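A.B. asks: sequence unavailable; structure follows:
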């Protein structure tokens, strides 16, 4: 730090140093014109040797100063004083999020609160056309009353040497080297950069969405999803490695795991497109968490409200096998002796039910039924019947589905195999996303920790793969000494660790049902008959 306490820099009186980095030196200072304590950032002068760059920085600073949101630290002014260029900014007291995370994972409620506030601030900035480009825990201040303030908003763009350059090079990385003589040196920010930033490509608001996902993951786990011993290792991990969503653990709601997964898609086109959607997802989960807490506080009432879902899981198994589709209505809530109702789901016009290869699948929340049909040309497709609707509708993007269909644990997505790929798609339809290659999958299951179990081909054991995509890894191995030829139809049990699967020996007509366990070769014979146990 080059300025000592008491030094005057124009109207600013230096009080104490606050820190230094690639973007300059920061001091606590007093603006004597308005008697206000500010954070004064003294910028490296080499940035302003070029008149065009200085003019561009001034334009960017004016845009940043126009941001007005309680979650964004205010930029008061950009000035040149005695040959120095300085930024006067709101001084935010308190520790930053990096300091907080260094002590370990944050509680779920605290993480969701901070994440929602960060999303709100990003949303306000994005609506003004401002992208942060350097979002990381060190740039997030936490006030004593639990509020969030994001620092250095948009300054990374102001540092660009040439925003129109075609190569985008690493000289445009958010945190740059102190002397700027080594183009492409990246300090401290690599772990939060999006893949497009790491490749030196142009970025937009989706880069902030990526960084937001990294920050949320770190708050919940206490560690970063992408790491390495060197900057090069970190950037390689960002570009190539899938995030380990299983590290989130079972206490993290499925909706949050799904949100992080959507934020951390390598391809920006597959990534969450609007941070407002992240904010809404967080609010929905927070609302659900609050409701659950209220129900738990209600004692017996909470126990009664859960009973319909537990009964629904048991009743549906029998009813699907016996009648095709049954449903426990919401009227069942609060009534211990209520009887299930019975009704028919008619086959849609011009198609035929393809239940020979894929049985109808009830959603985990008990509200919808997915089933596969084929038409006169033998083209298959998944249909969805929501029990609050009177008609079934086809799910766009699922044509060509083969033998495997299973639900996401939150009932919002369906996974299926087609074109030698395992895919997943929202039940509302859209572009199907590839999870991994398969030959001719024979069943699958998806737990709340973001792990899928699949039988990727008719002559394999059971494999696991991250719901966000990746290379499948074996979980069970065929015992050829017992004549086993295939392991099929994995089904997670409610704990998300144990699972059922079917074993096909070499002798025809003989099927066994086993109990397996993730991360363990141990398995237990349950039934010496039957297939596809649920």
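C.D. replies: Cool, the structure landed. Quantities reported herein were computed from a predicted structural model and do not represent experimental measurements.
A.B. asks: how is this structure divided into domains?
C.D. replies: 8-90, 97-293, 443-534 (automatic domain parsing).
A.B. asks: need these in TSV (columns: mean neighbour count and distance to residue 384).
C.D. replies: Any C-beta I mention is one placed from the backbone N, CA and C, and that applies to glycine too. Below are the domains of the chain laid out as TSV (neighbours: other C-beta atoms under 10 Å; distance: least, C-beta to C-beta, whole Å):
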stretch	mean neighbour count	distance to residue 384
domain 8-90	17	38
domain 97-293	19	18
domain 443-534	18	17
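A.B. asks: in a markdown table: these, plus mean pLDDT and distance to residue 368.
C.D. replies: Listed next are those as a markdown table, based on pLDDT from 0 to 100; distance: least, C-beta to C-beta, whole Å:
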| stretch | mean pLDDT | distance to residue 368 |
| --- | --- | --- |
| domain 8-90 | 84 | 37 |
| domain 97-293 | 82 | 16 |
| domain 443-534 | 88 | 15 |
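A.B. asks: who wins for proximity to residue 377 among those domains?
C.D. replies: Ranking the domains of the chain by proximity to residue 377 (C-beta to C-beta) places domain 443-534 first, at 25.0 Å.
A.B. asks: what separates that closest one from the chain centre, distance-wise?
C.D. replies: 27 Å (C-alpha atoms, centre = their mean, to the nearest Å).
A.B. asks: please, which helix or strand holds the spatially most central residue of the chain?
C.D. replies: Among the residues of the chain, residue 260 comes closest to the average C-alpha position under C-alpha atoms, centre = their mean, at 1.2 Å. Using DSSP states H and E, residue 260 sits in helix 254-263.
A.B. asks: contacting residues around that helix?
C.D. replies: 112, 209-210, 212-214, 216-217, 220, 243, 245, 248, 271-272, 278, 281-282, 284-285, 288, 408-410, 412-413, 448-450, 467-468 (C-beta atoms under 8 Å, 6 or more residues apart in numbering).
A.B. asks: likewise stretch 30-48?
C.D. replies: In contact with stretch 30-48 (C-beta under 8 Å, 6+ apart) are residues 2-3, 9, 11-15, 18, 23-29, 53-54, 57, 73, 76, 83-92, 159, 178-180.
A.B. asks: residue 351 and residue 371 touch, don't they?
C.D. replies: No: here residue 351 lies out of contact with residue 371, judged by C-beta atoms under 8 Å, at a distance of 10.1 Å.
A.B. asks: which neighbours do the two share?
C.D. replies: What both residue 351 and residue 371 touch, as defined by C-beta under 8 Å, 6+ apart, is the set residue 383.
A.B. asks: these two: who's more crowded?
C.D. replies: residue 371 (23 against 18; other C-beta atoms under 10 Å).
A.B. asks: which residues does the more buried one bridge with?
C.D. replies: residue 383 (DSSP bridges).
A.B. asks: quick one: contacts for it?
C.D. replies: 353, 354, 355, 358, 360, 361, 382, 383, 385, 392.
A.B. asks: residue 427: which of those residues is nearest?
C.D. replies: The closest of the contacts of residue 371, once distances to residue 427 are taken by C-beta to C-beta, is residue 382, at 9.1 Å.
A.B. asks: give me the nearest residue to the closest one, chain neighbours excluded.
C.D. replies: Nearest residue to residue 382 in three dimensions, chain neighbours excluded: residue 398, at 4.0 Å (C-beta to C-beta, 6 or more residues apart in numbering).
A.B. asks: pretty sure the one you found contacts residue 418?
C.D. replies: Yes: counting by C-beta under 8 Å, residue 398 does reach residue 418; the two are 7.3 Å apart.
A.B. asks: quickly list what's touching both of the two.
C.D. replies: Contacts common to residue 398 and residue 418, judged by C-beta under 8 Å, 6+ apart, are residue 432.
A.B. asks: so these two - more neighbours on which side?
C.D. replies: residue 398 (23 against 20).
A.B. asks: surely that one is in a helix?
C.D. replies: No: read with DSSP: H, G, I helix; E, B strand; the rest coil, residue 398 is coil and lies in no helix.
A.B. asks: any idea how far residue 260 is from it?
C.D. replies: Look at residue 398 and residue 260: by C-beta to C-beta, to the nearest Å, they are 25 Å apart.
A.B. asks: turn the domains of the chain into CSV, including distance to residue 431.
C.D. replies: Formatted as CSV, the domains of the chain follow (distance: least, C-beta to C-beta, whole Å):
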stretch, distance to residue 431
domain 8-90, 32
domain 97-293, 8
domain 443-534, 14
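A.B. asks: closest to residue 429 out of those?
C.D. replies: domain 97-293 (15.8 Å).
A.B. asks: what's near enough to touch residue 225?
C.D. replies: Counting by C-beta under 8 Å, 6+ apart, the residues that residue 225 touches are 214, 217, 218, 243, 244, 247, 264.
A.B. asks: one more time with 6 Å
C.D. replies: 214, 217, 243 (C-beta atoms under 6 Å, 6 or more residues apart in numbering).
A.B. asks: excluding chain neighbours, give the residue nearest to it in space.
C.D. replies: Closest to residue 225 by C-beta to C-beta, 6+ apart is residue 243, at 4.1 Å.
A.B. asks: quick one: that neighbour is in a helix?
C.D. replies: No: per three-state DSSP, residue 243 lies outside any helix segment and is coil.
A.B. asks: quick check: it touching residue 237?
C.D. replies: No: the criterion here is C-beta atoms under 6 Å, and residue 243 misses it with residue 237 at 9.7 Å.
A.B. asks: contact partners of stretch 62-79?
C.D. replies: So stretch 62-79 is contacted by 61, 86-90, 92, 117, 120-121, 124-125, 148-151, 153-154 (C-beta under 6 Å, 6+ apart).
A.B. asks: tell me which other helices or strands the helix or strand encompassing residue 215 touches.
C.D. replies: Using DSSP H and E, residue 215 sits within helix 205-221. If contacts are counted by 3 or more C-beta pairs under 6 Å, 6 or more residues apart in numbering; DSSP states H and E, helix 205-221 sits against helix 108-127, helix 254-263.
A.B. asks: burial measure for residue 3, as a count.
C.D. replies: Neighbours of residue 3 (other C-beta under 10 Å): 18.
A.B. asks: all numbers from here: first residue = 44
C.D. replies: In the new count, where the first residue is 44, that last one comes out as residue 46.
A.B. asks: for it, list the residues it contacts.
C.D. replies: residue 57.
A.B. asks: distance of it relative to residue 521?
C.D. replies: Distance, residue 46 to residue 521, using C-beta to C-beta: 71 Å.
A.B. asks: also residue 274?
C.D. replies: Counting by C-beta to C-beta - residue 274 and residue 521 are separated by 43 Å.
A.B. asks: repeat that for residue 51.
C.D. replies: 79 Å.
A.B. asks: quick check: angle from the helix holding residue 258 to helix 151-170?
C.D. replies: 170 degrees (axes from the mean of the first three to the mean of the last three C-alpha atoms, to 10 degrees).
A.B. asks: tilt between the next helix-or-strand element following helix 248-264 and helix 248-264?
C.D. replies: Taking DSSP H and E as the definition, the helix or strand that follows helix 248-264 towards the C-terminus is helix 274-283. When the same axes, to 10 degrees is applied, the directions of helix 274-283 and helix 248-264 differ by 100 degrees.
A.B. asks: what segments of the protein are helices?
C.D. replies: 94-108, 140-144, 151-170, 198-201, 238-241, 248-264, 274-283, 297-306, 318-340, 343-366 (DSSP state H).
A.B. asks: for those, which one sits closest to residue 483?
C.D. replies: Across the helices of the chain, closest to residue 483 is helix 343-366 (C-beta to C-beta), at 23.9 Å.
A.B. asks: ok, now how distant is the closest residue to residue 508 other than its chain neighbours from residue 507?
C.D. replies: Excluding the flanking residues, the one nearest residue 508 by C-beta to C-beta, 6+ apart is residue 515, at 4.3 Å. As judged by C-beta to C-beta, residue 515 and residue 507 stand 7 Å apart.
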